[in-house]
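Enquirer: fold the following, please.
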Amino acid sequence: MASEQQPVVLTNRHSGERLELRRVRIDGVLCLEIRGSLPPHSEGPPLHIHHAEHESGVVNRGVLTAVVDGHRIQAGPGEPAELPMGSAHRWWNEGDEPLEFVGQAKPVVDLDRYLQAVFDIVNNSPTERPSLVYLAHAMLRHRNTQTVLVMPRPLQVVVFRLAYLFGLVTGRYRGHDWPGCPSKCTGAPVMATEDA
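Expert: Numbers count the residues shown, from 1 in each chain. Have a look, this model is predicted:
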């Protein structure tokens, strides 16, 4: 009997955000199941866009507050939250109790590998502000599918390319043990099929 693979578990050591990721096939479409939690009064990810994946979920506990294309939304226990493909969004927990949710990214493209890289980079930084050199590598690697909006986009393109070149010239991307290295970001396992 084959042993069942475990989901990928990511924890942000600075914010306490925790994500459990696994790939599941639902109605013939490979999706990323995301089970997450965020402590009270904590920020989730910065403003970002998923260009090829639609995120949806349901809050199990607490209240999720989000901005989606400039519109503020809130979802409490049992309520859904939709983060459409191509929308600029971010979310956080401004409440007094932990936020817990379960959701999906559909169809999964590379969100799991992207999240692995970003969490690794953040966790290897002394503060919540990640190393620009390693962040630039991850952002350029996933530039067709994921965008983080930490500064105006035209400026961000220039800054990330310069930081990437600096990292390349100074040898920061040698080997396989640097923050966000692609060989460490293998993605979540396919764990179940939930075809109807």
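
Enquirer: make it CA atoms for all contacts and neighbour counts henceforth
Expert: Will do.

Enquirer: give me the below-cutoff pLDDT ranges for the protein.
Expert: Across the chain, the stretches falling below the confidence threshold (pLDDT under 70) are 1-4, 192-196.

Enquirer: go with 90
Expert: Applying pLDDT under 90 to the predicted model, the residue ranges of the chain that meet it are 1-5, 26-27, 127-129, 150-153, 191-196.

Enquirer: tell me where it has strands.
Expert: With DSSP state E, the ranges of strands along the chain come out as 8-11, 18-26, 29-38, 42-43, 48-50, 54-61, 64-68, 71-75, 80-83, 89-93, 99-106, 146-148, 190-193.

Enquirer: nearest to Gly171, out of those?
Expert: Checking the strands of the chain against Gly171 by Cα to Cα gives strand 146-148 as the closest, at 24.5 Å.

Enquirer: export the strands of the chain to a markdown table and append columns for mean neighbour count.
Expert: As requested, the strands of the chain are exported to a markdown table (neighbours: other Cα atoms under 10 Å):
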| stretch | mean neighbour count |
| --- | --- |
| strand 8-11 | 18 |
| strand 18-26 | 21 |
| strand 29-38 | 22 |
| strand 42-43 | 18 |
| strand 48-50 | 22 |
| strand 54-61 | 20 |
| strand 64-68 | 21 |
| strand 71-75 | 14 |
| strand 80-83 | 19 |
| strand 89-93 | 22 |
| strand 99-106 | 22 |
| strand 146-148 | 20 |
| strand 190-193 | 15 |
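
Enquirer: adding distance to Glu128, write these out as TSV.
Expert: Written out in TSV, the entries for the strands of the chain read as follows (distance: least, Cα to Cα, whole Å):
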stretch	distance to Glu128
strand 8-11	13
strand 18-26	15
strand 29-38	15
strand 42-43	11
strand 48-50	16
strand 54-61	24
strand 64-68	20
strand 71-75	24
strand 80-83	24
strand 89-93	15
strand 99-106	20
strand 146-148	15
strand 190-193	30
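
Enquirer: and the protein, split by domain according to the record?
Expert: Here the domain parsing of the chain from automatic domain parsing is 8-110, 111-184.

Enquirer: quick one, which of the ones you listed is nearest to Val190?
Expert: When the domains of the chain are ranked by proximity to Val190 (Cα to Cα), domain 8-110 comes first, at 4.4 Å.

Enquirer: what's the closest of the strands of the chain to Asn123?
Expert: Taking Cα to Cα as the measure, the strands of the chain were each checked against Asn123, and strand 8-11 came out nearest at 8.3 Å.
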